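# Mind looking at a prediction? Sequence and model below.
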Amino acid sequence: MSSSMHFLEAFTRAAKRQHVSGRAQRGLFAGRDKAFGNNVSFSKRRTRRAWKVNHQWKTLYSEALDEKVGLNVTTHTLRCVDKCGGLDNYLLSIKKESDLGLKGLKTRDRVREALAAMEAAAQQDGETAEAQQ
């Protein structure tokens with residue numbers, strides 16, 4: 001890519017997030033974080049304000065782990081989990097690690113290990129069934 005393309009790209013694309021808050025690291029926030037802006041009065045006076053994330057403490061069921069997992073999730077994430085077809089599918093479908101956070105990554109690793117163990121057990125059962133025939 002030429003240098004002029006890099007220069008133009010800086011103006012045409014939205015800035016990428018650099019920082020992820022500690023609260024978002026400890027739950028499933030789907031890339032959402034606290035937003036900042038101004039209240040503008042009739043006299044055009046600006047006062048700084050912040051928009052907090054609508055997050056809830058929920059226990060979501062994991063089919064692979066066969067247990068309920070307590071997570072701090074945003075309402076946006078709850079809709080995404082429903083759309084993906086459950087917590088396991090949601091965790092496995094997210095590619096960006098920053099969207100999952102630390103607790104989400106740990107839960108995804110536990111789900112992957114459980115799925116691998118189930119697959120190994122199913123494969124072993126198939127081999128024993130073939131040996132008996």
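Noted; the coordinates are in hand. These figures come from a predicted structure and were not determined experimentally.

# Where does pLDDT dip in this structure?
When residues are selected by pLDDT under 70, those of the chain lie in 1-19, 129, 133.

# Helices of that one, residue ranges please.
Secondary structure of the chain by DSSP state H: the helices cover 3-12, 22-25, 75-84, 87-93, 97-132.

# any idea which of the ones you listed is most buried?
Comparing the helices of the chain by mean neighbour count (mean count of other Cβ atoms under 10 Å), helix 87-93 ranks first with a mean of 20. To be clear about C-beta, it is placed using only N, CA and C from the backbone, and glycine gets the same treatment.

# closest one to Gly31 among the helices of the chain?
helix 97-132 (4.9 Å; Cβ to Cβ).

# Dump the helices of the chain into CSV; add distance to Asn38 as well.
Shown next, in CSV, are the helices of the chain (distance: least, Cβ to Cβ, whole Å):
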stretch, distance to Asn38
helix 3-12, 23
helix 22-25, 23
helix 75-84, 24
helix 87-93, 34
helix 97-132, 27
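
# how about the residue nearest to Leu100 when sequence neighbours are not counted, what does it touch?
Leaving aside its sequence neighbours, Leu100 sits nearest to Ile94 (Cβ to Cβ, 6 or more residues apart in numbering; 5.4 Å). When contacts are counted by Cβ atoms under 8 Å, 6 or more residues apart in numbering, Ile94 touches Leu100, Gly104, Arg108.

# who touches the closest residue to Phe36 other than its chain neighbours in this structure?
In space, Phe36 comes closest to Ala50 once its chain neighbours are excluded; the distance is 5.3 Å by Cβ to Cβ, 6+ apart. The contact partners of Ala50, by Cβ under 8 Å, 6+ apart, come to Lys34, Ala35, Phe36, Gly37.
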